[in-house]
Each structure stands twice: as C-alpha cells, then as structure tokens.
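Participant: Mind looking at a prediction? Sequence and model below.
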Amino acid sequence: MGFRDMLRDVKDTVEGVAQVMINDLPDMSGVQPISVAHPEWLDRPLRDFSVACSHNTYMGALQIGGGVAVEPLQEALALGSRGIELDVFCNNDTGEAIVAHGTREHLVSNKILFRDCIEAIMAKAFENTDDPLFLMVENNVEGGAETAECGEMMAQAVDDFIGDRLVPPDTDISDWPLRDLLGKVILMNGGYGGDGRFLQQCTIRMHPPMMENKDSRSEPDCPLPLGRIYPEFDLSRAVSLNYDWTPFAHWTWVAMNYQGGDNYLKSYLERFQQCSFVEK
C-alpha cells in the first residue's frame, strides 16, 4: 500500500467515525423560528441573546486534507445554526475568490468558489425560518490592484444571492430588536479584507468597537454587547475539535465545529433544540 492510499484510508476512517458521532447528536428537527417559539422576544435587542453558531462551516471532519464542500454549509443550517463561517482567499492563479482551510501562506485543503458557497447557503437559509442569518467571513483577501477582481467577485456574489436581505454596512445592530432582523443577512467581516466593494457591503467588522472576536483560550468576560468565541486555531490537529463552551454561554456567538460530533457539541445543540436563539 502506497503513502497516498494510507492517507486515504485514514481520512475515510476518521470521517466514518465522525459520521457515527454526528448521527448520535440531538434531534434538531423541532427547532422553531423565534417568531413562532418566542414571539414575546421580538421587541428585545439582539444583545440579550445567544445565537447557535458554527465554526469552519465549510469543512468535513478532517482539518488537514479534509474535503471542503458546500454540503456542510447546508447541513449546519439544518441543525439550526444561524452563524455560518467561511474562510476566504484569493486564488492567485485565477484571481477567483475561494473558500479553503489554512493560512494565506499555506492552504491545507481543497478549494471551492466563494460564489458557490453563497449560492448554497442562500438556497436553504430561509427555507423554513425567517430567523436572521449571520454570515461570518474570515477575509484573507489582501487589498491592492492584484486582488481587486477577487474582491469584486465576492461583492457580486453578495449582490446576486443575498440582495436586499442584507443589513446595511457599518450598522451597530446590538440594540436592534429581533423583529427588525427577521429575514435579514448580517454580513460580518474578519481578517484583512482590503478596501474593495465587498468590505463596503459588510454590516459588522469583527473587531472592537463593533464586537469582540476571540478564541476559546480567552477570559470568559465579554466587555462589549456583541461577542464571538471560536475554537483555538491549531493546524497541527488532524480533526476538528470542540471545547467547553459553558463559560462563554453569555456571549452572542459561541462558534462550534458542527462537523465534530463530540459531547461538547451534543450539549451545545441541546441548548438550541427548541430555537436557534436563547436568552443569555
């Protein structure tokens, strides 16, 4: 057996085990929109709630060599996630905006088009709910003329598939009542992002003063009304792991690896089994 065959066997084994674990997750088919489950919440501000949120939503079980695809995006939505994350890069060979896993210097996965991801997300995002969708883009596209086309492709995908569902740019939504966010997409930009049209579309920049955005090694206190916690970044891990989310239960978005299927995810999903929003 050659080295590539061995790697393929390891990949198939890990993903098979992950699928078994995922099959043991809580039944999320009873998740109801806020407007149905808790209409009394609709006049309260977003800052009062925590929202079901996924991390590296585009990935399968493996971090390294794992398949990046559109299917996990729709699977996370089906599990009630209203926070979807994409890591976006510029394909220097084609100038296209792509979704992949890794760093700007070293990608460790296959690549798919950003446009295809946005299309797949919006095909399912409001199929059975009008709960707001928080689209979190870790933007690794640098500014400058050489990546301007890439940024324009991202902006065009937003125009084509999100359209007038988009909440206006640079909007402080922490005090917006949930009622005003129903049926809307909140586009959140993290990372670099350059200075192109896509950045001008973004509702929130994922850093102070608009929000906190920290990993799970951080102190549990959130000094701002809105905040996101995500798993510690570690490319040395072969699989996507979760963490004890309970110290951060009062944060707006506690991002979890929905592809992980572990006990931390199981308890997390149980929290959102009735509604994708819960009171802090």
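Facilitator: Good, I have the coordinates.
Participant: Identify the residues contacting Arg104.
Facilitator: Phe89, Asn140, Glu142 (CB atoms under 8 Å, 6 or more residues apart in numbering). Where you see a C-beta, it was placed from the backbone N, CA and C, and this is true even at glycine.
Participant: Would you map the strands across the stretch 1-150 of the chain?
Facilitator: Along the stretch 1-150 of the chain, counting by DSSP state E, counting those that start in this stretch, strands occupy 49-54, 83-90, 97-99, 112-113, 133-139.
Participant: Each with direction, which strands does the shortest one pair with?
Facilitator: Strands flanking strand 112-113 in the sheet, each with its direction: strand 97-99 (antiparallel) (DSSP bridges).
Participant: Give me every residue in contact with the strand it pairs with, excluding its own residues.
Facilitator: Against strand 97-99 from outside (CB under 8 Å, 6+ apart): 58, 68, 86-91, 111-115, 117, 141, 150-151, 153-154, 157.
Participant: With stretch 180-191 instead?
Facilitator: With contact meaning CB under 8 Å, 6+ apart, stretch 180-191 is reached by 34-35, 42, 46, 122, 125-126, 130-140, 158, 162, 165-167, 173, 198-199, 201-207, 213.
Participant: CA atoms only: put it into PDB for me.
Facilitator: Backbone C-alpha positions of stretch 180-191 (Å, rounded to 0.1, in the frame of the first residue of the first chain) are rendered in PDB as follows:
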ATOM      1  CA  ASP A 180     -36.200  44.200  12.600                       C
ATOM      2  CA  LEU A 181     -33.600  41.500  11.800                       C
ATOM      3  CA  LEU A 182     -36.100  38.800  10.700                       C
ATOM      4  CA  GLY A 183     -35.400  37.600   7.200                       C
ATOM      5  CA  LYS A 184     -32.100  39.500   7.000                       C
ATOM      6  CA  VAL A 185     -28.500  38.600   6.500                       C
ATOM      7  CA  ILE A 186     -25.800  40.300   8.600                       C
ATOM      8  CA  LEU A 187     -22.500  40.200   6.700                       C
ATOM      9  CA  MET A 188     -19.600  40.100   9.200                       C
ATOM     10  CA  ASN A 189     -16.000  40.700   8.000                       C
ATOM     11  CA  GLY A 190     -13.000  39.500   9.900                       C
ATOM     12  CA  GLY A 191      -9.300  39.400   8.900                       C
END
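Participant: Can you give me the buried ones in it?
Facilitator: Using 16 or more other CB atoms under 10 Å as the test for burial, stretch 180-191 gives Leu181, Leu182, Lys184, Val185, Ile186, Leu187, Met188, Asn189, Gly190, Gly191.
Participant: swap in stretch 153-172?
Facilitator: Buried residues in stretch 153-172, counting neighbours by 16+ other CB under 10 Å, are found at Met153, Met154, Ala155, Ala157, Val158, Phe161, Ile162, Arg165, Leu166, Val167.
Participant: Pretty sure Val167 sits against Thr203.
Facilitator: Yes - Val167 is in contact with Thr203 according to CB atoms under 8 Å; the separation is 4.5 Å.
Participant: what sits in contact with each of the two?
Facilitator: Jointly contacting Val167 and Thr203 under the rule CB under 8 Å, 6+ apart are Ile173, Ile186, Leu187.
Participant: Out of the residues you listed, which sit inside strands?
Facilitator: Of those, the ones assigned to strands by DSSP state E are Ile186, Leu187.
Participant: export the shared contacts of Val167 and Thr203 to JSON lines and tack on pLDDT and distance to Pro225?
Facilitator: Output for these, formatted as JSON lines (pLDDT from 0 to 100; distance: CB to CB, whole Å):
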{"residue": "Ile173", "pLDDT": "97", "distance to Pro225": "10"}
{"residue": "Ile186", "pLDDT": "98", "distance to Pro225": "14"}
{"residue": "Leu187", "pLDDT": "98", "distance to Pro225": "19"}
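Participant: Among the shared contacts of Val167 and Thr203, which one lies nearest to Glu96?
Facilitator: Leu187 (19.3 Å; CB to CB).
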